[in-house]
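Asks: take this sequence and fold it.
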Amino acid sequence: MIRCIFTVTLVVFIFQFMVLGSNGTLTIELASTQPTQPSNDLGNYKTVNYYARFNCGTISDDSGPLRPGKYDSDITLFNKKSYPITVIWKAIAIDQQVKNNFNILNIPSENIANINCAKIFPIQYNNATNSTYALSKKFTEGIIKLEISVDNGLLVNNFLNNRQANIILNETEIGNLINVDVLHTVNTLDDLNKEVVYLKVDFSVLPRDKNQINNLTAVFHIDPDEIVDPLSIIKNKISENNANEKIDINASEILLRDTEIISDTLTDNHALTVQRVDPIIS
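Replies: Alright, predicted model coming up:
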């Protein structure tokens, strides 16, 4: 009987030792079922930034480094992960006055979102026709800043959009969440004449004394469906460019030797440039 009581007492003692610490204090912790919130430890806070250039609007002359045309930029963001990712972005234009133009963009899992000139400047580009918008007459260039914040492996931006914020990332995943590519396009202006016609004239200027004959060739731009007088065109052009009176029109005879019509069609110059944007982690 005494041996039985001793055995029971020993078992109870061992069980208490397993549950309690050496100082007799209970050390069992309950796991929280609430979503983890971002911490204030800046040492574990990471920011992933992407900086993409944009060109938006119309250039109507060739006075600057860029050629005349209609410019547009399309920034494509591809979510490479199996969960949604929220990105904060803002446009920083060269002549920008507004500073708090932040936008929230949610990208579904393994999906694509884009930012183009219509989204960068929605007020200027709200004139839609057949699902295409009219580019603004004003040209603007600048940078799009894309930002993803990570705190202790948590996607902080996802809290803003009530998305899956309890995804824990490791260090190697932070810079490999999305792909960012930029497509820049330039289209020919609408009012550019597509067809050009030239008149080529071979002629001779014969002085009255006939001591010297000048054989010349001239090319003139003319409009289609127009009746022209080559002799009058030549006389007018000589008068305009004859400041030093090298050719005396009144004392000379102009002989037309040959005429030729040259036509050409201007192609719609369409330029494409693709740029991959790398992340900057800080």
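Asks: just give the nearest non-adjacent residue to residue 215, would you?
Replies: Among residues not flanking residue 215 along the chain, residue 204 sits closest, at 5.1 Å (CB to CB, 6 or more residues apart in numbering). Using the backbone N, CA and C atoms, a C-beta is placed for each residue, glycine as well.
Asks: gap between the closest residue in space to residue 108 that isn't next to it in sequence and residue 227?
Replies: Setting aside the residues directly before and after it, residue 108 is nearest to residue 84 in space (CB to CB, 6+ apart), at 5.3 Å. Note on residue 84: its distance to residue 227, by CB to CB, to the nearest Å, is 68 Å.
Asks: these two: which is more packed in?
Replies: Counted by other CB atoms under 10 Å, residue 84 and residue 227 do not tie: residue 84 has more neighbours, with 19 against 5.
Asks: so for the more buried one, what's the pLDDT?
Replies: The model reports residue 84 with a pLDDT of 91.
Asks: please verify my assumption that it contacts residue 110.
Replies: No: here residue 84 lies out of contact with residue 110, judged by CB atoms under 8 Å, at a distance of 9.9 Å.
Asks: where does the prediction get shaky in the stretch 51-200 of the chain?
Replies: 98, 123-136, 161-165, 190-194 (pLDDT under 70).
Asks: so where do the strands sit in it?
Replies: Assigned by DSSP state E, counting those that start in this stretch, the strands in the stretch 51-200 of the chain fall at 69-79, 85-93, 102-107, 112-116, 128-129, 132-133, 140-151, 154-155, 178-187, 195-207.
Asks: got these as JSON lines, with mean neighbour count and distance to residue 169 columns?
Replies: Shown next, in JSON lines, are the strands of the stretch 51-200 of the chain (neighbours: other CB atoms under 10 Å; distance: least, CB to CB, whole Å):
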{"stretch": "strand 69-79", "mean neighbour count": "20", "distance to residue 169": "14"}
{"stretch": "strand 85-93", "mean neighbour count": "19", "distance to residue 169": "10"}
{"stretch": "strand 102-107", "mean neighbour count": "15", "distance to residue 169": "15"}
{"stretch": "strand 112-116", "mean neighbour count": "17", "distance to residue 169": "20"}
{"stretch": "strand 128-129", "mean neighbour count": "8", "distance to residue 169": "39"}
{"stretch": "strand 132-133", "mean neighbour count": "13", "distance to residue 169": "37"}
{"stretch": "strand 140-151", "mean neighbour count": "18", "distance to residue 169": "6"}
{"stretch": "strand 154-155", "mean neighbour count": "24", "distance to residue 169": "7"}
{"stretch": "strand 178-187", "mean neighbour count": "17", "distance to residue 169": "13"}
{"stretch": "strand 195-207", "mean neighbour count": "15", "distance to residue 169": "59"}
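Asks: and residue 237, which of these is closest to it?
Replies: Nearest of those to residue 237, taken as CB to CB: strand 195-207 at 9.8 Å.
Asks: note down every partner strand of the closest one and its orientation.
Replies: Sheet pairing of strand 195-207 (DSSP bridges) gives strand 214-222 (antiparallel), strand 252-265 (antiparallel).
Asks: and of the ones you listed, who's closest to residue 170?
Replies: Closest of the strands paired with strand 195-207 to residue 170 is strand 252-265, at 58.6 Å (criterion: CB to CB).
Asks: for residue 184, see how far away the nearest residue to residue 183 once chain neighbours are set aside is.
Replies: Counting by CB to CB, 6+ apart, residue 183 lies nearest to residue 74, which is 4.5 Å off, once chain neighbours are set aside. Residue 74 sits 8 Å away from residue 184, going by CB to CB.
Asks: burial of residue 65, as a residue count?
Replies: Neighbours of residue 65 under the rule other CB under 10 Å: 6.
Asks: residue 47 should be in a strand, yeah?
Replies: Yes: using DSSP: H, G, I helix; E, B strand; the rest coil, the assignment for residue 47 is a strand.
Asks: surely it and residue 147 touch.
Replies: Yes: using CB under 8 Å, residue 47 is in contact with residue 147, at 6.3 Å.
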